[in-house]
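In: Using only what follows, build the 3D model:
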Amino acid sequence: MIPPPGQSILSPKASLAAIITAARAGGLRHAWSLFEAGGYASRTDDPAALAVKGRLLKDDALRTPAEHQPAAFARAAAAYAAADTLSPQPYTAINVATLNRLAGNRDAATAAARRLLAALDCAHDIAETPYYLAAIRAEALLLCGDEAGAQRAMQAAIAAQPDGWADHASTLRQLDLIIRSDSVDAGVDGSGGAAWLDAFRPPRSLHFAGHLGVAEADCAALAAAVDAAIAAERIGFGFGALAAGSDIVIAERLLAAGCALAVILPTAIEDFARQSVVPFGVAWRARFDACLAAAQSLTVLTQFDDVYQPLATALAADVAMGAAVLDARLHASSAVQLLVIDEGPGPYGRGLETARIGKRWVAEGRRQQLVRWPRNAPVPASGSRTVPEGASDLRLLALLHIELEGFDRLDDAGTARAMRDVVHPFRQAARALMPAPLAVWPQGNAVIAAFADPELAWNHARGLLALPTGDFALRIAAHFAVVHAAEPAASIVGRGVSELLAVASGALPGVVTASATFAQALHIGGPAGGLVEPVGMIGDAPLFAIGPAAPAAVAGATMVSR
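Out: Residues are numbered from 1 along each chain as shown. Have a look, this model is predicted:
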């Protein structure tokens, strides 16, 4: 039944680690509910609980309107200070210092940073990694006004963990947060950060694609042009398919430059090779296999094995583009696109898919490198085809699984009250949200809503997250897939639906829990400023939590997960 007033339908007592996971994912309201339901809010003698309280208060402060942020940051600093008093450690100490700075209490921030530096100089058995110790030294030195010392400490941190891109990004965001707060204090707009941080940023991420009409025996000049683009853009990570011609040439040059290669195929390896590699020259197959063997990761998006399906190719291109952008975002870097285009008219030649992805990329103002290379192999451009390709019952859809969790624990009377007080008002409000779904289908106690692309689905989900749901947790799962639909509004079936239900089984409340396919494709347009965090796996498939954007903490600063 519905619980009495003042009580909520909550999971059993959550661990502090689970609460941090909920907060990191952007489900701050849910994290606070778990924190209070677990009795942690009243624990004044538990340094771990106090540190988590500080973390939640810091996240609250980052979402607070600018005029109220100093007081909010001061409350977070006080919680970390209480934890540090009971159990001194670098993590709590650096948060005391930085949060006091964000609160405008520069003297307290500097004093705390100096105490931490003295402790780091004296201690020799701190249970932290060399990277983290050097990184917090950089942060403390910056708080003390020693920018040159902060740079030297960052050099030591990077040297200790040169490939720790995610850790580097977290540190850079924190340092940038401090620098921006100083700019605001000085009366400037705070949007620039510090140029010296750029030297420590990870290399850029690259989305690559191009036409298939490249002669296998005559592509040395193309390879040289690709090498020049990779070097000029300081690329470290590449995302794309491995079709014959341009794809394989670019992938080879990425690997030769020491870049990490992420291969994203629309269909299984042998099916893809049969459709997009071998028909254009048997020699391409060995090069395809060599690139695949050296790739850091492989993603296969569909299992179509009969004929070429353009929607699967479009899905793979969208995922690869978004994966490059999301990877750059998680690394606090930037993304670039490299396209090999033919000699046809216009900026993207005669290839329709190349033109589609090229226009989509620059529509967001991102950097793009174009290399023109003639079709010197007998492969017709897609723009010259006159017969439609692909099955007519396929749809490429962004899908949301929407559920008010807890109905399975209600009796009949409780269900009736919930329908009257929560479900009907929620559904009425949801029907008014724009953009509206293309179609909605019931799925047990949940519904599945379909949209033309992930950005439309995300904007609808963001509206749902703002609606009241009483004592019920709103769980939204998202997936982007090719599905079968005999009638546009009747129903959808297929592997994509099963994958959505798998994501739904791990959905977190208060955020959109998304498959990697959805989270990556969404980032072509991108949830500007939104919170995006990896939150685990369902089987061997990664999950992401996507939350609404928070107000900028200080003039455009991003959220810091630490």
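
In: Need the per-residue pLDDT for the closest residue to Gly506 other than its chain neighbours.
Out: Distances taken as C-beta to C-beta, 6 or more residues apart in numbering place Ile538 nearest to Gly506, at 5.0 Å, with adjacent residues excluded. Every residue, glycine included, has its C-beta placed from N, CA and C. As predicted, Ile538 sits at a pLDDT of 83.

In: helix or strand right after the helix or strand Gly536 falls within?
Out: Element membership for Gly536 (DSSP states H and E) is strand 531-538. Following strand 531-538 in sequence order, the next helix or strand is strand 541-547 (DSSP H and E).

In: Can you list the strands that that next one pairs with?
Out: Strand partners for strand 541-547, identified by DSSP bridges, are recorded as strand 512-515 (antiparallel), strand 531-538 (antiparallel).

In: and Leu396, what are its bridge partners?
Out: Val482.

In: in stretch 422-430, what counts as buried?
Out: Val422, Val423, Phe426, Ala430 (16 or more other C-beta atoms under 10 Å).

In: where does the stretch 1-150 of the chain dip in pLDDT?
Out: Under the criterion pLDDT under 70, the flagged ranges of the stretch 1-150 of the chain are 1-13.

In: which residues does Ile448 contact?
Out: By C-beta atoms under 8 Å, 6 or more residues apart in numbering, the residues touching Ile448 are Leu399, Leu400, His401, Ile402, Val440, Trp441, Ile492, Val497, Leu500.

In: Is the nearest residue to it once chain neighbours are set aside within a helix or a strand, and which one?
Out: Of all residues not flanking Ile448 in the chain, Trp441 sits nearest, at 4.9 Å (C-beta to C-beta, 6+ apart). Assigned by DSSP H and E, Trp441 belongs to strand 439-443.

In: could you point out which element follows that strand?
Out: Following strand 439-443 in sequence order, the next helix or strand is strand 446-451 (DSSP H and E).

In: Quick check: buried residues in stretch 197-206?
Out: Leu197, Phe200, Arg201, Pro202, Pro203, Arg204, Ser205, Leu206.

In: how close does the third one get to Pro130?
Out: Distance check for Arg201 against Pro130: by C-beta to C-beta, to the nearest Å, it reads 20 Å.

In: can you give me the helices in the stretch 451-562 of the chain?
Out: 454-465, 495-505, 516-522 (DSSP state H, counting those that start in this stretch).

In: Make a markdown table out of these and add mean neighbour count and distance to Asp218.
Out: Shown next, in a markdown table, are the helices of the stretch 451-562 of the chain (neighbours: other C-beta atoms under 10 Å; distance: least, C-beta to C-beta, whole Å):
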| stretch | mean neighbour count | distance to Asp218 |
| --- | --- | --- |
| helix 454-465 | 21 | 39 |
| helix 495-505 | 19 | 40 |
| helix 516-522 | 27 | 34 |
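
In: out of those, which comes closest to Asp163?
Out: helix 516-522 (20.9 Å; C-beta to C-beta).

In: Name the residues that touch stretch 426-443?
Out: The contact list for stretch 426-443 (C-beta under 8 Å, 6+ apart) reads 397, 400-402, 404, 447-452, 456-457, 459-460, 463-464, 467-469, 488-489, 491-492, 501.

In: Gln368 sits in which helix or strand?
Out: Counting by DSSP H and E, Gln368 is part of strand 367-372.

In: and stretch 46-63, C-alpha only, in CSV?
Out: C-alpha atoms of stretch 46-63 as CSV (Å, rounded to 0.1, in the frame of the first residue of the first chain):
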residue,chain,number,x,y,z
ASP,A,46,31.2,9.2,11.5
PRO,A,47,33.8,10.9,9.2
ALA,A,48,32.7,8.8,6.2
ALA,A,49,29.1,9.9,6.5
LEU,A,50,30.2,13.6,7.0
ALA,A,51,32.4,13.4,3.9
VAL,A,52,29.5,12.1,1.9
LYS,A,53,27.3,14.9,3.4
GLY,A,54,30.0,17.3,2.2
ARG,A,55,29.9,15.8,-1.3
LEU,A,56,26.1,16.1,-1.5
LEU,A,57,26.2,19.7,-0.2
LYS,A,58,28.8,20.5,-2.8
ASP,A,59,26.6,19.1,-5.6
ASP,A,60,23.7,21.1,-4.1
ALA,A,61,25.9,24.2,-4.2
LEU,A,62,26.8,23.6,-7.9
ARG,A,63,23.1,23.7,-8.7
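
In: if I read this right, Phe288 contacts Glu252, doesn't it?
Out: No. Counting by C-beta atoms under 8 Å, Phe288 stays clear of Glu252, with 10.2 Å between them.

In: Quick check on these two: which one has the bigger neighbour count.
Out: Of the pair Phe288 and Glu252, Phe288 is the one with more neighbours under other C-beta atoms under 10 Å, namely 23 against 19.

In: do you know how far the residue of the chain positioned farthest from its centre is from Arg420?
Out: Residue farthest from the centre of the chain, counting by C-alpha atoms, centre = their mean, is Ala413 at 41.5 Å. According to C-beta to C-beta, Ala413 and Arg420 sit 11 Å apart.

In: Which stretches in the stretch 251-400 of the chain count as strands?
Out: Using DSSP state E, counting those that start in this stretch, the strands of the stretch 251-400 of the chain run over 260-265, 297-300, 335-341, 367-372, 394-405.

In: One more: the stretch 101-250 of the chain?
Out: Counting by DSSP E, counting those that start in this stretch, the strands of the stretch 101-250 of the chain are 204-210, 235-240.

In: Output the contacting helices and strands for the one helix or strand Phe35 maps to.
Out: In this assignment (DSSP H and E), Phe35 forms part of helix 28-37. In terms of contacts (3 or more C-beta pairs under 8 Å, 6 or more residues apart in numbering; DSSP states H and E), helix 28-37 is packed against helix 16-24, helix 47-62.

In: to the chain's geometric centre, what's the distance from it?
Out: Centre-to-centre, helix 28-37 and its host chain are 23 Å apart (C-alpha atoms, centre = their mean, to the nearest Å).

In: okay, the angle between it and helix 16-24?
Out: Following axes from the mean of the first three to the mean of the last three C-alpha atoms, to 10 degrees, one obtains 160 degrees for the angle between helix 28-37 and helix 16-24.

In: which residues touch helix 28-37?
Out: Against helix 28-37 from outside (C-beta under 8 Å, 6+ apart): 8, 10-11, 13-14, 18-20, 22-23, 41, 52-53, 56, 59-60, 63, 473, 508-510.

In: I'd like the helices of the stretch 451-562 of the chain laid out as a markdown table, including mean pLDDT and distance to Ala377.
Out: A markdown table is the format used below for the helices of the stretch 451-562 of the chain (pLDDT from 0 to 100; distance: least, C-beta to C-beta, whole Å):
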| stretch | mean pLDDT | distance to Ala377 |
| --- | --- | --- |
| helix 454-465 | 93 | 35 |
| helix 495-505 | 93 | 34 |
| helix 516-522 | 94 | 30 |
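
In: Looking at the ones you listed, which is nearest to Ile230?
Out: Per C-beta to C-beta, nearest to Ile230 of the helices of the stretch 451-562 of the chain: helix 516-522, 21.6 Å.

In: Understood, closing this out.
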